[in-house]
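> Sequence and predicted model, in that order:
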Amino acid sequence: MHLEDLNLHNSILLNTKINKDYIIDNDASETKKGTYFVSSLAMTSSLTEYGISSIFTLFLIHVLHFSIPLSSSMYSQYYGFAYILPIFVGLISDRYMAKTRSLLIGFISMIISQLILFASASLYAPSSVEQTAITFNLQNILFIVGLAFLALGTSFANNTFSNIISLVSNNTQEAELDSYSIYYSLLNLGVIIGILIMTFVVGDTNYMLFKWSFLIFAIFLAIGMIVFLYARHVFLVNYQGELVEDKTDENNEGILRKIASGVKSILHGILHIKSVISNFISSLSQTDKDRLILFFLILIFIIIYRIGYNQSSASMIIFEESYVVRDYGFLVLPVQLFSIFNPLFIILLSPLYSKFNKKAAEKNWNLGLVTRVGIGLLLLSICFIVLADISYLIDVGVTNKISILWIIIYELILALSELFLSVTGYAMVAELAPANNFALFFGIFQSTHAIARYLTG
């Protein structure tokens, strides 16, 4: 009799373990299912954004015929606007818009931007006359309007993508870091695709071809939007296998009605911006306020990191052009291809970073958000040490040009620091931002780019 009871007890324990393992595996698979779906869609946004970024200055100088000082000014003003705008978009999106509607507006705005930029680039005519101030001819007006739609679209899309990633992840810091690591890796894959399109399909010297890049990006975005609309009910699931849906989207509104409703929400938020801000502040509990204090303290260190990151990145473009061996006889490496190292290493290091996070959780190392940001800053300081060693070799005349291996070492360490910093930043928003204000605080996190660019000079 006792033997039977013992066998029954062991059977129950075994079944419980099997069920528990199945639940864990199922949670992980469902989380990955939603994460990969959203990240793949976000890739269409990143390849557009960074593909355009890779030819931004060339377009200003050679297609619009802006002078170098005017081009530099336009570059800084656009990216300042593009990284500050997500704060206001997030404030409006959280209050008045469903996630599906917000993402749809993002896609539509980005597609419109590419078509307008295509029209502007189509008006290209060779000229030796430099513009030292903006003249509002048709080509320039189309370009400015196209950039405005691009900034608006990427703000809505990036805010919403990041929000959905937090919803499909399991509600633990380890799971959020893992999900955002996948997300950030696929974003960088989009960066690589965008750069390759600009380098090999369009090129950097035939300015008549620049217009086709915008048309290519519009096609990518249209495919991403269609996939989202018709496949979200299958793939957009959280770690419990439940569909991630907005309650406001249950009435099956038509696409045009959703867009019209979204535009109405934006206008309402802009017209009542003071009351929106006032309502937000009054809605915070004391716990939310304490968490936000930690949020903004970490944000200061992220800004410090981005200042150093931007300074080194800007210097490296000039350095690689003049002081790195690029001619190998059978191949001369274009300077713009050096920018692929960073996103490539992020993709390669992301799985190792995820394994590190799992090991840290198993060993109870308690690597909190502040510690991870500190590791990112430490790795960035090592990058500057590498740069100092490289510069020393040049200054003392040991060599006129250095091996590309030095750049690979530098970019590898830089990518690792960026993983700690950026992935932690995403997880910080998910963990510390009030649940109903994710888009707003992701916008504030994005604004660190603009602040750092301004302080970097």
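That came through, no problem. Residues are numbered from 1 along each chain as shown.
> Please report the distance of residue 46 from residue 358.
Counting by C-beta to C-beta, to the nearest Å, the gap between residue 46 and residue 358 amounts to 26 Å. Where C-beta positions appear, they are placed from N, C-alpha and C, glycine not excepted.
> These two - which one has more neighbours?
residue 46 (25 against 12; other C-beta atoms under 10 Å).
> what helix or strand is the closest residue to the more buried one other than its chain neighbours on?
Computed as C-beta to C-beta, 6 or more residues apart in numbering, the closest residue to residue 46 that is not its neighbour in sequence is residue 190, at 3.5 Å. If you go by DSSP states H and E, residue 190 is part of helix 173-196.
> List the buried residues in that helix.
Applying a neighbour-count criterion of 16 or more other C-beta atoms under 10 Å, one finds 173-195 buried in helix 173-196.
> And stretch 428-437, by the same measure?
Buried positions in stretch 428-437, judged by neighbour count with 16+ other C-beta under 10 Å: 428, 429, 430, 431, 432, 433, 434, 437.
> quick one: contacts of that stretch?
Defining contact as C-beta atoms under 8 Å, 6 or more residues apart in numbering, one finds that stretch 428-437 is touched by 90, 94, 162, 165-166, 169, 173, 176, 180, 280, 283-284, 288, 291-292, 294-295, 298, 369, 438, 440-442, 445.
> what about residue 61, how many neighbours?
Residues within reach of residue 61, counting by other C-beta under 10 Å, total 17.
> nearest spatial neighbour of it, skipping sequence neighbours?
Here the residue nearest residue 61, using C-beta to C-beta, 6+ apart, is residue 71, at 5.3 Å.
> Look at that neighbour and report its pLDDT.
Looking at residue 71, its pLDDT stands at 80.
> That one: what's it in contact with?
57, 60, 61.
> Just confirm the last one contacts residue 72, I think it does.
So that's residue 61. No - distance between residue 61 and residue 72: 9.9 Å, which falls outside the contact criterion (C-beta atoms under 8 Å).
> any shared contact partners between these two?
The contact lists of residue 61 and residue 72 share no entry, where a contact means C-beta under 8 Å, 6+ apart.
> Let's verify residue 343: helix, strand, or coil?
The three-state assignment at residue 343 reads helix, by DSSP: H, G, I helix; E, B strand; the rest coil.
> Count residues in the vicinity of it, would you?
Should you count by other C-beta under 10 Å, residue 343 turns out to have 25 residues around it.
> That one is in contact with residue 186, isn't it?
No - no contact is recorded between residue 343 and residue 186 when judged using C-beta under 8 Å, the distance being 10.3 Å.
> Export stretch 370-389 to PDB, keeping only CA atoms.
Taking Å, rounded to 0.1, in the frame of the first residue of the first chain, the C-alpha atoms of stretch 370-389 are listed here in PDB:
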ATOM      1  CA  VAL A 370      22.300  51.400 -12.900                       C
ATOM      2  CA  THR A 371      25.000  48.700 -12.900                       C
ATOM      3  CA  ARG A 372      24.400  47.900 -16.600                       C
ATOM      4  CA  VAL A 373      24.600  51.500 -17.600                       C
ATOM      5  CA  GLY A 374      27.900  51.700 -15.600                       C
ATOM      6  CA  ILE A 375      29.300  48.800 -17.600                       C
ATOM      7  CA  GLY A 376      28.300  50.500 -20.800                       C
ATOM      8  CA  LEU A 377      30.100  53.600 -19.800                       C
ATOM      9  CA  LEU A 378      33.200  51.600 -18.700                       C
ATOM     10  CA  LEU A 379      33.300  49.900 -22.100                       C
ATOM     11  CA  LEU A 380      33.000  53.200 -23.900                       C
ATOM     12  CA  SER A 381      36.000  54.500 -21.900                       C
ATOM     13  CA  ILE A 382      38.000  51.500 -23.100                       C
ATOM     14  CA  CYS A 383      37.100  52.500 -26.700                       C
ATOM     15  CA  PHE A 384      38.700  55.900 -26.100                       C
ATOM     16  CA  ILE A 385      41.800  54.200 -24.700                       C
ATOM     17  CA  VAL A 386      42.000  52.200 -28.000                       C
ATOM     18  CA  LEU A 387      41.600  55.500 -30.000                       C
ATOM     19  CA  ALA A 388      44.300  57.100 -27.900                       C
ATOM     20  CA  ASP A 389      46.700  54.200 -28.700                       C
END
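> buried sites along that stretch?
If you call a residue buried by 16+ other C-beta under 10 Å, then stretch 370-389 has these buried ones: 372, 373, 374, 375, 376, 377, 379, 380, 383, 386, 387.
> what's the helix or strand for the closest residue to residue 390 other than its chain neighbours?
Spatial nearest neighbour of residue 390, excluding adjacent residues (C-beta to C-beta, 6+ apart): residue 406 at 5.3 Å. Assigning secondary structure by DSSP H and E places residue 406 in helix 404-418.
> Show me what counts as buried in that helix.
The neighbour-count check on helix 404-418 (16+ other C-beta under 10 Å) flags 404, 406-407, 409-418 as buried.
> mind listing what's buried in whichever strand or helix holds residue 148?
Using DSSP H and E, residue 148 sits within helix 138-168. By neighbour count, and taking 16+ other C-beta under 10 Å as the criterion, the buried residues in helix 138-168 are 139-140, 142-143, 145-168.
> so where's the stretch 351-457 of the chain uncertain?
Applying pLDDT under 70 to the predicted model, the residue ranges of the stretch 351-457 of the chain that meet it are 395-399, 435, 456-457.
> which residues of it fall in helices?
Remark: helices assigned in the stretch 351-457 of the chain by DSSP state H, counting those that start in this stretch are 369-395, 404-418, 424-432, 438-456.
> Out of those, which gets nearest to residue 215?
Between residue 215 and those, the tightest spacing by C-beta to C-beta is seen for helix 438-456, at 27.4 Å.
> so what secondary structure elements neighbour that closest one?
When contacts are defined as 3 or more C-beta pairs under 8 Å, 6 or more residues apart in numbering; DSSP states H and E, helix 438-456 packs onto helix 68-96, helix 138-168, helix 286-323, helix 424-432.
> Now it: buried residues?
Judged by neighbour count (16+ other C-beta under 10 Å), helix 438-456 contains these buried residues: 438-453, 456.
> Leaving aside the residues adjacent along the chain, what's closest to residue 180?
Nearest residue to residue 180, sequence neighbours excluded (C-beta to C-beta, 6+ apart): residue 426, at 4.1 Å.
> and the contacts of residue 71, which of them are in helices?
Secondary-structure check on those using DSSP state H: residues within helices are residue 57.
> Where does confidence bottom out across the contacts of residue 71?
Lowest model confidence among the contacts of residue 71 falls on residue 57, which carries 75.
> so how far is residue 158 from residue 177?
The gap separating residue 177 from residue 158 is 19 Å, by C-beta to C-beta.
> Check residue 195 too.
Using C-beta to C-beta, one gets 19 Å for the distance from residue 195 to residue 158.
> same deal with residue 377?
For residue 377, the distance to residue 158 (C-beta to C-beta) stands at 24 Å.
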